[in-house]
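In: Quick one, what's the 3D model for this:
(chains A and B)
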Amino acid sequence: MPIHTVELSVFIFFFLLVTVVGFFASRWRRADLNHLDEWGVGGRSFGTLITWFLIGGDLYTAYTVIAVPALVFGAGAMGFFALAYTILIYPLGFLILPRLWAVSRKHGYVTAADFVRGRYGSHWLALAVAMTGILATMPYIALQLIGMNVVLAQMGLKGDWPLLVAFLILALYTYSSGLRAPALIALVKDAMIYVMVIVVVVYIPYRLGGYSHIFAAAGPLLAAKHPPGTLVLPKAAYSAYSSLALGSALALFMYPHSVTAVLAAKSGDAIRRNQVLLPAYSLLLGLIALMGLMALVAGLHPATANMAIPLLIEWALPPWFAGFCFAAIAIGALVPAAIMSIAAANLFTRSFYREYFRKDATPQQESRVAKLVSLVVKLGALAFIIFLPQQYAINLQLFGGAWILQTFPAIVFGLWRRRFHHIALLAGWAAGMIASTGMELSLHLKGSTYPLHFFGQVYPAYSACYALALNLFVTIVLTLILDAAGVQRHLDATSDDDYEDRIESSISGNPEPITAEF
Amino acid sequence: MANSNRPRGLHPRELLLLIPVIALVFPSFYARRDPMLLGFPFFYWYQFAWVLGGAVLTGVVFLLRRREHR
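Out: Now for the predicted structure:
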């Protein structure tokens, strides 16, 4: 494929623009970036608007823009579970996240594992949560690279070096600016994605004869596929659809990068307001998903389903605007990749370095370790893409979603009551991890819907949900046994009042100083 | 553990947040083609409508909470 000069020039212009923004970010809301609270969670200073961009940047990534429509392109209605999923996350987040924020601010926690450590007093349980977080995050970063790779390939750039350059730049400004870099770049990214989507969902359907025609034509085209897709969800897929939507929604806020974005907010109400406003993105996501049907009706034949959207954009739009769209998608990879690597670095610093190597680490030492680890994490993800087939990253991501959901009982239930025994939670986590891994392996990594046979009936559903059910069962039963046997619990560093935040207006202006103690 | 008289479960108004969950976890209810709206099969526009519905319900809970704390 020849190099597309116009597209590439526009692409490079925007890419350089965000690079400048990324380095400039270290001067924005100036503070001591040698402090983990500043580097790792932006000083917990972001208001409603910045939090909106940051969480939005987390959820709507390059891979989303590429993979969700690709799924719809391949299977039709089934791929639309992504919309149901994004509708479910905000009401759930409204319940859960302000409590996590409040207790974390009070005690200086920067990760969910920090919270678990304080709540249950068990460093083993915190280690399990931290390990799961890092394990699930690595392939997720790799997926962002794949998303970027797809648009680079569409512009005619082959080989690994463009990716290498892009990630080197990303690594450097994340290192110097911390969470401020993706927060600021997310502003640019979102503006670009919005422009792209508005143009695409108006102009392409106009060229294809309107939405009525797209839906009418897509039905037969989906049915002709091997295996056939459908325009409306078939009965056999109901349980898979709803369990994928619900399981993914519950898993989302357990991901370290979501926690990082949430903890960077300056008040509980900034988070709540965001749960009201973020659905504006869901609308976008639904429309982006429909691009899969558009590519189908346009009669495009991409080499892989992941190429469907770049191909559609190039087919329908002038080169300069295609370049703009590709830049938007690539920048859409940088923002979450930066937040993810920061989140993984925070986890490592708190739950490994400070816990096992240097109990009395100063905030400066913590920040230095976190910066280095963020580099290592990104290099790891890059090596992943360059040395292993891409399919591995996608498969590991499937595992990742199921794994991260196994930290749900320890984190979420702990935000209300400390009913569960820490040893029971650890055992439940282990059971859930083993079960979800076993189910994925038995499916030969072909998908994440596991057909459970139960009294002669088959119930296909997201393996993560089955594993979570087992996890909860083990946790509850063992808690009863351990408490009955009088096995000692550790001290709880938090108290009930720590989970409630005050109304914003009563705080006014200057936030109180952050206490960085456990 | 410190004791407090604060109620520790979900607040009654927070039950409103479970409505979108119920509306979406049973596809048997909305996996159909008709009635169409502006060319969109029911399956699609129903879910788009719940994007708005979810936001409105969450907004209502937010405002109710604020009013109580005033």
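In: Could you list the residues of the stretch 301-450 of chain A in contact with chain B?
Out: Selection of the stretch 301-450 of chain A residues close to chain B by C-beta under 8 Å from any C-beta of the partner chain yields A:416-418. Quick note: C-beta positions are derived from backbone N, CA and C, even for glycine.
In: Any of these buried? List them.
Out: A:Arg418 (16 or more other C-beta atoms under 10 Å in any protein chain shown).
In: which ones among the residues of the stretch 301-450 of chain A next to chain B are found in strands?
Out: The strands, defined by DSSP state E, take in nothing from these.
In: Can you tell me the SS state at the closest residue in space to A:Gly121 that isn't next to it in sequence?
Out: Of all residues beyond its chain neighbours, the one nearest A:Gly121 is A:His490 (2.7 Å), with distances taken as C-beta to C-beta, 6 or more residues apart in numbering or on different chains. At A:His490 the chain is in coil, as set by DSSP: H, G, I helix; E, B strand; the rest coil.
In: Likewise for the one 3 residues further on?
Out: At A:Ala493, secondary structure determined by three-state DSSP is coil.
In: Mind pulling up the pLDDT for A:Met294?
Out: Confidence at A:Met294, expressed as pLDDT, is 92.
In: now swap in A:Thr111 and tell me
Out: For A:Thr111, the predicted pLDDT is 89.
In: and it, what does it touch?
Out: By C-beta atoms under 8 Å, 6 or more residues apart in numbering or on different chains, the contact set of A:Thr111 is A:130, A:133, A:256, A:259-260, A:343, A:346-347, A:350-351.
In: Report the two members of those residues separated by the largest distance.
Out: Maximum pairwise distance in the contacts of A:Thr111, criterion C-beta to C-beta, is 14.0 Å, between A:Thr260 and A:Ser351.
In: circling back to that earlier point, and the residue nearest to A:Gly121, how many neighbours?
Out: By other C-beta atoms under 10 Å in any protein chain shown, 14 other residues sit near A:His490.
In: Which part of chain A gets nearest to chain B, residue-wise?
Out: Ranked by C-beta to the nearest C-beta, the top residue of chain A for proximity to chain B is A:Ser212, at 2.9 Å.
In: just to revisit the earlier point, in terms of contact, does the residue nearest to A:Gly121 touch A:Arg119 like I think?
Out: No - if you go by C-beta atoms under 8 Å, A:His490 and A:Arg119 don't touch, sitting 9.4 Å apart.
In: okay, and for chain B, where does confidence drop off?
Out: Applying pLDDT under 70 to chain B flags residues B:1-8, B:70.
In: got a list of what the residue of it found nearest chain A touches?
Out: Nearest residue of chain B to chain A: B:Gly39, at 2.9 Å (C-beta to the nearest C-beta). When contacts are counted by C-beta under 8 Å, 6+ apart, B:Gly39 touches A:210-216.
In: and with 7 Å instead?
Out: Residues near B:Gly39 by C-beta atoms under 7 Å, 6 or more residues apart in numbering or on different chains: A:210-212, A:215.
In: Also A:His123?
Out: Applying C-beta under 7 Å, 6+ apart to A:His123 gives the contacts A:117, A:355.
In: Buried ones among the contacts of B:Gly39?
Out: Taking 16+ other C-beta under 10 Å as the criterion, what is buried in the contacts of B:Gly39 is A:211, A:215.
In: Pipe the contacts of B:Gly39 into a markdown table and attach pLDDT and secondary structure per row.
Out: Listed next are the contacts of B:Gly39 as a markdown table, based on pLDDT from 0 to 100; DSSP: H, G, I helix; E, B strand; the rest coil:
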| residue | pLDDT | secondary structure |
| --- | --- | --- |
| A:Gly210 | 86 | helix |
| A:Tyr211 | 87 | helix |
| A:Ser212 | 87 | helix |
| A:Phe215 | 89 | helix |
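In: Need the max-distance pair from the contacts of B:Gly39.
Out: Taking C-beta to C-beta as the measure, these span a maximum distance of 9.4 Å, between A:Gly210 and A:Phe215.
In: Just give the number of residues close to residue 35.
Out: Chain wasn't specified; assuming chain A. A:His35 has 18 neighbouring residues, counting by other C-beta under 10 Å.
In: looking at chain B here, not the other one
Out: By other C-beta under 10 Å, the residues close to B:Pro35 number 10.
In: and if you look at A:Val65?
Out: 28.
In: Next: B:Met36.
Out: Per other C-beta under 10 Å, the neighbour tally for B:Met36 reads 14.
In: Over to A:Thr304?
Out: The burial count for A:Thr304: 10, using other C-beta under 10 Å.
In: Contact partners for it?
Out: Counted by C-beta under 7 Å, 6+ apart, A:Thr304 has zero contacts.
In: From A:Asp360, how far off is it?
Out: Separation of A:Thr304 from A:Asp360 (C-beta to C-beta, to the nearest Å): 51 Å.
In: do the same with A:Glu366
Out: Taken as C-beta to C-beta, the span from A:Glu366 to A:Asp360 is 11 Å.
In: What of A:Thr407?
Out: Going from A:Thr407 to A:Asp360 by C-beta to C-beta gives 27 Å.
In: SS state for A:Gly156?
Out: Here A:Gly156 is coil, with the state taken from three-state DSSP.
In: Repeat that for A:Tyr109.
Out: Using three-state DSSP, the structure places A:Tyr109 in coil.
In: give me the number of residues near it?
Out: Neighbours around A:Tyr109, by other C-beta under 10 Å: 27.
In: Grab the nearest non-local neighbour of it.
Out: Using C-beta to C-beta, 6+ apart and skipping residues adjacent in sequence, the residue nearest A:Tyr109 is A:Phe115, 4.9 Å away.
In: Just list what the strand or helix carrying the one you found packs against, helices and strands only.
Out: Using DSSP states H and E, A:Phe115 maps to helix A:112-120. The contact analysis (3 or more C-beta pairs under 7 Å, 6 or more residues apart in numbering or on different chains; DSSP states H and E) places helix A:112-120 against helix A:81-107, helix A:123-154, helix A:408-412.
In: Which positions in chain B make contact with chain A?
Out: Selection of chain B residues close to chain A by C-beta under 7 Å from any C-beta of the partner chain yields B:1-2, B:4, B:6, B:8, B:14, B:17, B:20-21, B:24-28, B:31-33, B:38-41, B:43, B:47-48, B:50-51, B:54-55, B:57-59, B:61-62, B:66, B:69.
In: and the residues you listed, which of them are in helices?
Out: Judged by DSSP state H, helices contain the following of those: B:20-21, B:24, B:27-28, B:43, B:47-48, B:50-51, B:54-55, B:57-59, B:61-62, B:66, B:69.
In: Which among the residues of chain B next to chain A count as buried?
Out: Among the residues of chain B next to chain A, the ones that count as buried by 16+ other C-beta under 10 Å are B:17, B:20-21, B:24-25, B:27, B:31, B:40-41, B:43, B:47-48, B:50-51, B:54-55, B:57-59, B:61-62.
In: returning to that earlier point: now, which of the residues of the stretch 301-450 of chain A next to chain B lie within helices?
Out: Within those, no residue falls in helices by DSSP H.
In: what's the neighbour count on residue 22?
Out: Going with chain A. A:Gly22, neighbours per other C-beta under 10 Å, totals 25.
In: To clarify, I was referring to chain B.
Out: 9.
In: how near is A:Leu33 to A:Gly40?
Out: Distance of A:Leu33 to A:Gly40, given as C-beta to C-beta: 10 Å.
In: let me redo that: A:Thr64
Out: Separation of A:Thr64 from A:Gly40 (C-beta to C-beta): 24 Å.
In: Compare the two (neighbour count), which wins?
Out: Using other C-beta under 10 Å, the more surrounded residue of A:Thr64 and A:Gly40 is A:Gly40, with 29 against 23.
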